[in-house]
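Asks: What follows is a protein structure lacking sequence information:
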């Protein structure tokens with residue numbers, strides 16, 4: 001089931017789930033503080049001395065089915081070649097999750113969309 005929630009709502013909800021295994025998929029250098037694990041296609045191991053970091057492509061991760069209680073993915077989906085396959089992988093590795101992406105207004109009017117791949121936006 002899809003529900004629209006704010007970032008603050010999700011953050012506060014997850015802060016109460018102390019025993020949950022939470023992955024930030026595409027966390028880069030600034031992963032959610034509630035994440036127990038961080039994954040990104042670039043190596044940011046040094047940014048997370050107190051968390052497990054896994055360098056991986058989000059389309060095919062090394063994680064087990066339903067390994068995570070929750071997966072966070074913030075401002076990543078607009079960069080991937082196959083967003084449906086990416087979402088299927090998120091669904092495979094987690095029981096539930098949060099997907100955040102920029103709105104067309106902010107992305108195109110306020111911020112722009114002229115970055116080179118892989119950091120530029122495809123969608």
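Replies: Received the coordinates, thanks. These numbers come from a predicted model, not from an experiment. Numbers count the residues shown, from 1 in each chain.

Asks: can we go C-alpha only for contacts and neighbour counts from here?
Replies: Will do.

Asks: tell me the centre residue of this protein?
Replies: The chain has residue 73 as the residue nearest its centroid, 1.9 Å off, counting by C-alpha atoms, centre = their mean.

Asks: The one helix or strand it maps to pairs with which strands?
Replies: Using DSSP states H and E, the element containing residue 73 is strand 70-74. Applying DSSP bridges, strand 70-74 is found paired with strand 22-25 (parallel), strand 97-100 (parallel).

Asks: isn't residue 27 right next to residue 71, touching?
Replies: No: shown here, residue 27 and residue 71 do not form a contact pair, counting by C-alpha atoms under 8 Å, at 10.7 Å.

Asks: can you pull the contacts of residue 98?
Replies: 10, 70, 71, 72, 73, 74 (C-alpha atoms under 8 Å, 6 or more residues apart in numbering).

Asks: Run through the bridge partners of it.
Replies: Counting by DSSP bridges, the residues bridging with residue 98 are residue 72.

Asks: for this protein, what spans make up the helices?
Replies: 7-15, 83-93, 104 (DSSP state H).

Asks: Sketch out the low-pLDDT regions of this structure for me.
Replies: The model of the chain has pLDDT under 70 over residues 1-2, 101-123.

Asks: ok, back up a step: save the strands paired with strand 70-74 as TSV, and put in distance to residue 42 too.
Replies: As requested, the strands paired with strand 70-74 are exported to TSV (distance: least, C-alpha to C-alpha, whole Å):
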stretch	distance to residue 42
strand 22-25	11
strand 97-100	20
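
Asks: most packed of those?
Replies: Of all the strands paired with strand 70-74, strand 22-25 carries the top mean neighbour count, a mean of 26, counting by mean count of other C-alpha atoms under 10 Å.

Asks: List the contacts of that strand.
Replies: With C-alpha under 8 Å, 6+ apart, strand 22-25 has contacts from 31-32, 34-40, 58, 68-74.

Asks: now with 10 Å?
Replies: Contacts to strand 22-25, defined as C-alpha atoms under 10 Å, 6 or more residues apart in numbering, come from residues 14, 30-41, 52-58, 61, 67-74, 76, 90, 93-94, 96-99.
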